[in-house]
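**Q** Requesting a structural model of the entry that follows:
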Amino acid sequence: MDALTMLLDDPSLRVPAADLDRYSTDWSRDLSGTPRAVVRPRTTADVASMVRECAARGLPIVPQGGHTGLVGGATPSKDGSEVVISLERLNAIREIDPVNFSMTVEAGCILENIHAAAAAEDCLFPLQLSAQGSCQIGGNIASNAGGLNVVRYGMTRDLVLGLEVVLPDGRIWNGLRKLRKNNTGYDLKQLFIGSEGTLGIITAASLKLFPKPSQIETAFLAVDSPDQAVALFGRARRDLSDLLSAFELLPRRGVELALEVMPGLRDPLSGPSPYYVLMEVAASGLVHLKGLVETFLEGAVESALLSDGTLAANGAQAAEFWRIREGIIEAQARRGRHLRTDVSVPISSLTTFLDAAHADLLRAEPDVLPLAYGHLGDGNIHFNVVPPSGLSEADKTALLHRCEVVIFGLVDRLGGSISAEHGIGRVKRAAFQERSAPLDLDLLRRIKAVIDPNRLMNPGRMFD
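**A** Now for the predicted structure:
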């Protein structure tokens, strides 16, 4: 029995065929594949052994975390050729250093568990995602996840101090430094952040921590239009110093859908509004945060930037506000397959984009339900489209593609991005390549060829 067979058949590592479904289908259930095998290594050395043996035999590898992505980056192909390496058992928190405000964790750590471990040391790891109860930090890093707090803390790329990576030939690159300042040559870790598993397998990371907020104020605010929401955001950025953590735009129809599917939720305000802003402000130390936020809101009312609103009275009510945001996602999922976009434009162009996208979509496809919501504070809007019921799968596919063409065309004209935080994977590969300059693609392919010359690490993702 050769080394690879031993590794792939080891009952302590290999997932039985009867349990392969959750490794074969992504969260959306839109994509599925057939893995050659699924293995769950226990250590970085295990990962290196598996990669080395697969490389020796020319077997393609798909690294997989919590499998909560939405672009098919971690879904195996249908041809049964790819070995899935799941990182879920590499889930140790190796170190927390509250003096250095850093922690070192393995790639399979669930994001929510990282939050809890940091909080136990009176610290905060600020990456906040709807899937944080199941997504893993390795996948978050490999996809450069965004989330709710980008306006204050930046993308995942901004939260990583160092990485440990198994390269496509099985060597282990140890870049687990905990330094804020290190100017010794190329910053190699940045190659792997956002690479979607195409250059190697992240097995551990050193992360930035921040002081745990001792005060959090969450507001649910009614605005008449996206333009008013953008103006309110500009004022919040100035009046609330650097304490603004999240600024989300929610449409009335999305709130109604959330109230329909989430038991126990109530409309936070007495009357409906075309749009809402869900805003969070957080601070630690000696700041009198509640007074600051109340003064800001009073000024916004006097300036006619909002028509109604409420501050959460406690943490439970704040959580209810955020459940509405999460309920919009759940409501769409219950309606079956729909178009998920993840676009960004300059904040100054958001109103133009939203107005034009709604008008153009409904002119072309009057029976669809557009739902535009998301991270107004960093210019990232999830402009999703729910198709009418009763369509065949072929007709639904064609309709959603037409809608995507409309949305992406507007994004192009406004100098935006077709993927603000979800990545490219397989779903957006063609659209990404169409929009990439030849030199950009040439550089990407050269980097890939140097690090993964046999093209075995997550092949077919991001670009051909």
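**Q** pLDDT value on the nearest residue to Asp122 once chain neighbours are set aside, please?
**A** Of all residues not flanking Asp122 in the chain, Lys212 sits nearest, at 5.0 Å (C-beta to C-beta, 6 or more residues apart in numbering). Glycine gets a C-beta too; all of them are placed from N, C-alpha and C. Predicted confidence (pLDDT) at Lys212: the value is 97.
**Q** Distance check, Lys212 against Leu391.
**A** 48 Å (C-beta to C-beta, to the nearest Å).
**Q** again, but for Ala204
**A** For Ala204, the distance to Leu391 - C-beta to C-beta - is 46 Å.
**Q** Pro268 sits in which helix or strand?
**A** Pro268 is part of no helix or strand, with elements assigned from DSSP states H and E.
**Q** And what about the closest residue to it other than its chain neighbours, helix, strand or coil?
**A** Using C-beta to C-beta, 6+ apart and skipping residues adjacent in sequence, the residue nearest Pro268 is Phe220, 4.3 Å away. The three-state label given to Phe220 by DSSP: H, G, I helix; E, B strand; the rest coil is strand.
**Q** Next, count neighbours for Asp46.
**A** 21 (other C-beta atoms under 10 Å).
**Q** What score does it have for pLDDT?
**A** At Asp46, pLDDT is 95.
**Q** hmm, back to that, when Ala204 and Leu391 are compared, which one has more neighbours?
**A** When Ala204 is set against Leu391 and neighbours are counted by other C-beta under 10 Å, the residue ahead is Ala204, at 25 against 16.
**Q** so where does that one fall, helix or strand?
**A** Ala204 belongs to strand 201-208, assigned by DSSP H and E.
**Q** pull the CA atoms of that strand into PDB?
**A** Taking C-alpha atoms only, strand 201-208 is exported to PDB below (Å, rounded to 0.1, in the frame of the first residue of the first chain):
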ATOM      1  CA  ILE A 201      -3.500  25.900   2.200                       C
ATOM      2  CA  ILE A 202      -3.600  28.300   5.100                       C
ATOM      3  CA  THR A 203      -3.200  26.200   8.300                       C
ATOM      4  CA  ALA A 204      -2.700  28.900  11.000                       C
ATOM      5  CA  ALA A 205      -2.800  32.700  11.400                       C
ATOM      6  CA  SER A 206      -1.700  35.400  13.700                       C
ATOM      7  CA  LEU A 207      -4.600  37.900  14.100                       C
ATOM      8  CA  LYS A 208      -4.900  41.500  15.300                       C
END
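**Q** can you list the domains in the protein?
**A** Split into domains by automatic domain parsing, the chain comes to 3-86, 93-211, 215-331, 335-422+431-452.
**Q** Any chance of those domains in JSON lines with distance to Gly460 as columns?
**A** Formatted as JSON lines, the domains of the chain follow (distance: least, C-beta to C-beta, whole Å):
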{"stretch": "domain 3-86", "distance to Gly460": "7"}
{"stretch": "domain 93-211", "distance to Gly460": "9"}
{"stretch": "domain 215-331", "distance to Gly460": "27"}
{"stretch": "domain 335-422+431-452", "distance to Gly460": "12"}
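**Q** so where does Leu163 fall, helix or strand?
**A** For Leu163, the element it lies in under DSSP H and E is strand 160-166.
**Q** Direction included, what does that strand pair up with?
**A** Strand 160-166 has its sheet partners listed here by DSSP bridges as strand 172-175 (antiparallel), strand 201-208 (antiparallel).
**Q** Could you find the closest non-adjacent residue to the residue nearest the centre of the chain?
**A** Residue closest to the mean C-alpha point of the chain, counted by C-alpha atoms, centre = their mean, is Ala145 at 3.8 Å. Using C-beta to C-beta, 6+ apart and skipping residues adjacent in sequence, the residue nearest Ala145 is Thr156, 4.8 Å away.
**Q** can you check Leu111 too?
**A** Gln132 (4.1 Å).
**Q** Run a quick neighbour tally on that neighbour.
**A** 20.
**Q** which residues of the stretch 101-250 of the chain score low on pLDDT?
**A** Counting by pLDDT under 70, the stretch 101-250 of the chain shows no low-confidence range.
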